[in-house]
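Participant: can't give you the sequence, but here's the structure:
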């Protein structure tokens, strides 16, 4: 399954809007937002944001109707097994963004185990007609079962990784950068040497060019068909990595 460094790679907004500090009203609006460690009560908000941004920064329902399954696939493993490395952007008690991470060398096995369980639940729902009124959902399930794994880029071994998302109205005010810097400091303190993540890249929106400003380099990339036919551009899943400690 895709372990996204940021779903902002999917977002209709540019990557720069996530990571640059922003100006004017947007920047001022974020001044009181606090980056803090994850708490158990943040779980539902994170799952909601994950689904609200699942289709290139927009709600996932365009291509998949089951929010519970989608959140289980893309956020569940971090929330179930890795919350020591999770951070949220808190705006007066309301979670408006998150970063989920893992440093475990065995987390890929966790993803496979969790993904298998969720996939079995999804197949059971499909078999009982839960998705009968949403043909695009059935198409998404076929992609997941047939193409999902082989359309994933290679990633470095024994490296931390992360998955980051922001509510649409909070993009462009530097919260993505603040979440990343907080996580990076945590990695440095723990002596973690490498970090990687993946995101979607397409013509006109190439997040890898901005990641390079943060010290990341492209590790691998692969074309993906996950958003076809809704998106006719060639979309790639790009894996980037950064050495945290020289």
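Facilitator: On my side now, so go ahead. Bear in mind the structure is a predicted one, so any value in this text is a computation, not a measurement. Residues are numbered from 1 along each chain as shown.
Participant: For residue 124, see how far away residue 222 is.
Facilitator: 30 Å (CB to CB, to the nearest Å). Every residue, glycine included, has its C-beta placed from N, CA and C.
Participant: Residue 159 too?
Facilitator: Distance of residue 159 to residue 124, computed by CB to CB: 34 Å.
Participant: Please pull up the helix or strand immediately following the helix or strand residue 96 falls within.
Facilitator: Residue 96 is part of strand 94-102, with elements assigned from DSSP states H and E. Secondary structure here is assigned by DSSP H and E; on that basis, the next helix or strand after strand 94-102 toward the C-terminus is helix 107-127.
Participant: List the contacts of that following helix.
Facilitator: Applying CB atoms under 8 Å, 6 or more residues apart in numbering, the external contacts of helix 107-127 come out as 1, 3, 66, 69, 72-73, 76-77, 80-82, 102, 104, 131, 137-138, 141, 144-145, 161.
Participant: any idea of the mean pLDDT for that helix?
Facilitator: The average pLDDT within helix 107-127 is 93.
Participant: helices and strands around the next helix-or-strand element following it, which ones?
Facilitator: Sequence order places helix 135-146 as the next helix or strand after helix 107-127, per DSSP H and E. Using 3 or more CB pairs under 8 Å, 6 or more residues apart in numbering; DSSP states H and E as the contact criterion, the neighbours of helix 135-146 among helices and strands are helix 107-127.
Participant: now the helix it packs on, how far from the chain's geometric center?
Facilitator: Helix 107-127 sits 18 Å away from the centroid of its parent chain (CA atoms, centre = their mean, to the nearest Å).
Participant: in this structure, which segments are predicted with low confidence?
Facilitator: Flagging of the chain using pLDDT under 70 yields the residue ranges 1-29, 246.
Participant: That one: helices as residue ranges?
Facilitator: Along the chain, the segments classed as helices by DSSP state H run 15-19, 24-29, 43-52, 67-74, 76-81, 107-127, 135-146, 175-190, 208-211.
Participant: most packed of the ones you listed?
Facilitator: For those, the largest average neighbour count (mean count of other CB atoms under 10 Å) is found in helix 15-19, namely a mean of 23.
Participant: buried sites along stretch 214-223?
Facilitator: 216, 219-221 (16 or more other CB atoms under 10 Å).
Participant: Among these, which one sits closest to residue 61?
Facilitator: The nearest member of the buried residues of stretch 214-223 to residue 61, counting by CB to CB, is residue 221 at 27.6 Å.
Participant: partners of that closest one in the sheet?
Facilitator: residue 238 (DSSP bridges).
Participant: That one is in contact with residue 201, isn't it?
Facilitator: Yes. Contact criterion CB atoms under 8 Å: residue 221 and residue 201 qualify, at 7.3 Å.
Participant: Identify the contacts common to these two.
Facilitator: Overlap of the contact sets of residue 221 and residue 201 (by CB under 8 Å, 6+ apart) consists of 236-238.
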